[in-house]
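K.L.:
generate coordinates for the sequence data below:
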Amino acid sequence: MKYEFGVANKGYIFKDDKLLVIYKTKEEAKEDPDPDLRIDQPGGRLEFGEEPIEALRREIMEEVGLKVNIIKPIDVWTYCKNDKGFQLVGINYLCQWTNGDVTLSAEHESYEWLTLDDIKKRQLEDEEQYVRAFAEWGKYID
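P.N.:
Numbering: from 1, shown residues only. Below is the predicted model of the structure:
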């Protein structure tokens, strides 16, 4: 079996007290027809030889057209499909919006700036990661 391994970055972008969330198109999220499961953060895989911070800046610009201050890593995760020989390791970064208006790529169909209360009301499957991002943001701005 041939193995595939990759590294991906995601940016949790805050503007004031709100977090940017983007929604994958139905085509991009074939396995996730439920809109709440199509929620995403800007980011993607590193290209060979690319520095993680530069890859995240590139992906954020490609997916949402924003300039950000990348503050620090806040979470590390892995996604593995053993039967397919595939593993992806991801790093989530705390980011602060600095400039620009959201301009979505073809991979995403909509976006929202959400408060922590908005996130909690939705009872998202991955709510814990959003709560963690808001906690880190609170430490940064205090």
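
K.L.:
of all residues in the protein, which one is nearest the centre?
P.N.:
Note on the chain: the residue nearest the mean C-alpha position is residue 41, at 2.4 Å, using Cα atoms, centre = their mean.

K.L.:
pairing partners for the nearest residue to it once chain neighbours are set aside in the sheet, please.
P.N.:
Setting aside the residues directly before and after it, residue 41 is nearest to residue 10 in space (Cβ to Cβ, 6 or more residues apart in numbering), at 4.2 Å. Backbone N, C-alpha and C define where each C-beta goes, glycine included. Beta bridges link residue 10 to residue 43, residue 92 when assigned by DSSP bridges.

K.L.:
isn't residue 10 up against residue 89?
P.N.:
No - under the criterion of Cβ atoms under 8 Å, residue 10 makes no contact with residue 89, lying 11.7 Å away.

K.L.:
more crowded one of these two?
P.N.:
residue 10 (23 against 13; other Cβ atoms under 10 Å).

K.L.:
residue contacts, the closest residue to residue 101 other than its chain neighbours?
P.N.:
Among residues not flanking residue 101 along the chain, residue 65 sits closest, at 7.1 Å (Cβ to Cβ, 6+ apart). Counting by Cβ atoms under 8 Å, 6 or more residues apart in numbering, residue 65 touches 100-104.

K.L.:
now with 10 Å?
P.N.:
42, 99-105 (Cβ atoms under 10 Å, 6 or more residues apart in numbering).

K.L.:
wait, the residue nearest to residue 41 sits on residue 88?
P.N.:
No - at 11.2 Å, residue 10 does not count as touching residue 88 under the criterion of Cβ atoms under 10 Å.

K.L.:
anything in contact with each of the two?
P.N.:
By Cβ under 10 Å, 6+ apart, residue 10 and residue 88 have these common neighbours: residue 77.

K.L.:
what about the residue nearest to residue 11 when sequence neighbours are not counted, how many residues nearby?
P.N.:
Distances taken as Cβ to Cβ, 6+ apart put residue 95 closest to residue 11, at 4.4 Å, once the chain neighbours are dropped. Using other Cβ under 10 Å, residue 95 has 29 other residues around it.

K.L.:
so what's residue 95 up against?
P.N.:
10-15, 19-20, 41-43, 56-57, 60, 66, 68-72, 74, 133, 137.
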